[in-house]
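Student: The following comprises the amino acid sequence and a computationally predicted model.
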Amino acid sequence: MSNPVIDQFLRLSTGKGDFAAGQRIFNQGDAITRLYLVRAGAIHLVRYQADGNAAVLQRASPGMVLAEASVFSSRYHCDAVAVTNSEALIIPVNSVRRLLRSDHVFAETWASYLSHQLQQARKRAEIASLKTVAARLSAWLAWNDGLLPSKGEWKNLADEIGVSPEALYRELAKRGKSFSPAGS
């Protein structure tokens, strides 16, 4: 099934960017001239705290718009860093703004997309507020119909719920999930 936001962004795209793991796509304070539709890899929006720690504000994966909340801002409020080798389509932000003003169906679809992203952010915040690995995993499973991702994605799951991969593996072992973590 096609996604109307993605379909429109494909039409608006003016090219693509290929980003190596660790590469910055933009920096906090940069002027916003484009949006990015992630096609492959993983890109994080990161805000660095005074103590040097990084807060991940978005974990953008394929099919997601990076920094979607920046459509009506003039400057980025955080950095974007490719976590893995990544590819993203480039969409001029002014084209998106014009489309939002002229196409009410797209504007409604965009509002729906933003609403879904807000729900996901609240889910992540709820999970992050839980104190134990067991509680975080249980909450994640409740949000995902009790289904674990494939074993190859467990490290990403650990990152998503804010625990070390080893802590997640121990919790899964307690629950009777057999596995062989990568590299063992």
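Tutor: Cool, the structure landed.

Student: Residues contacting the helix with the most length in the chain from elsewhere in the structure, which ones?
Tutor: Across the chain, the longest stretch assigned as helix under DSSP state H is helix 104-128. The contact list for helix 104-128 (CB atoms under 8 Å, 6 or more residues apart in numbering) reads 4-5, 8, 58, 64-65, 68-69, 99-101, 136, 139-140, 143, 160-162. In short, each C-beta sits where N, CA and C put it, glycine included.

Student: Which ones among those residues map onto strands?
Tutor: With strands defined by DSSP state E, the entries of the contacts of helix 104-128 inside them are Q58, V65.

Student: Make a ChimeraX selection of the buried ones in the contacts of helix 104-128.
Tutor: In ChimeraX, this line selects whichever of the contacts of helix 104-128 come out buried by 16 or more other CB atoms under 10 Å:
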select :5,8,58,64,65,68,99,100,136,139,140,160,161
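
Student: quick one: which of the contacts of helix 104-128 sit in helices?
Tutor: Those of those lying in helices (DSSP H): P4, V5, Q8, L99, L100, R101, R136, A139, W140, W143, E160, I161.

Student: Most widely separated two among those?
Tutor: Of all pairs drawn from these, the greatest distance, 41.3 Å, lies between R101 and R136 (CB to CB).

Student: so where is the chain shaky, pLDDT-wise?
Tutor: For the chain, the stretches flagged by pLDDT under 70 are 1-2, 177-184.

Student: now the ones in helices among the contacts of helix 104-128 in TSV, with distance to L130?
Tutor: Formatted as TSV, the ones in helices among the contacts of helix 104-128 follow (distance: CB to CB, whole Å):
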residue	distance to L130
P4	35
V5	31
Q8	37
L99	39
L100	36
R101	41
R136	5
A139	6
W140	10
W143	12
E160	13
I161	9
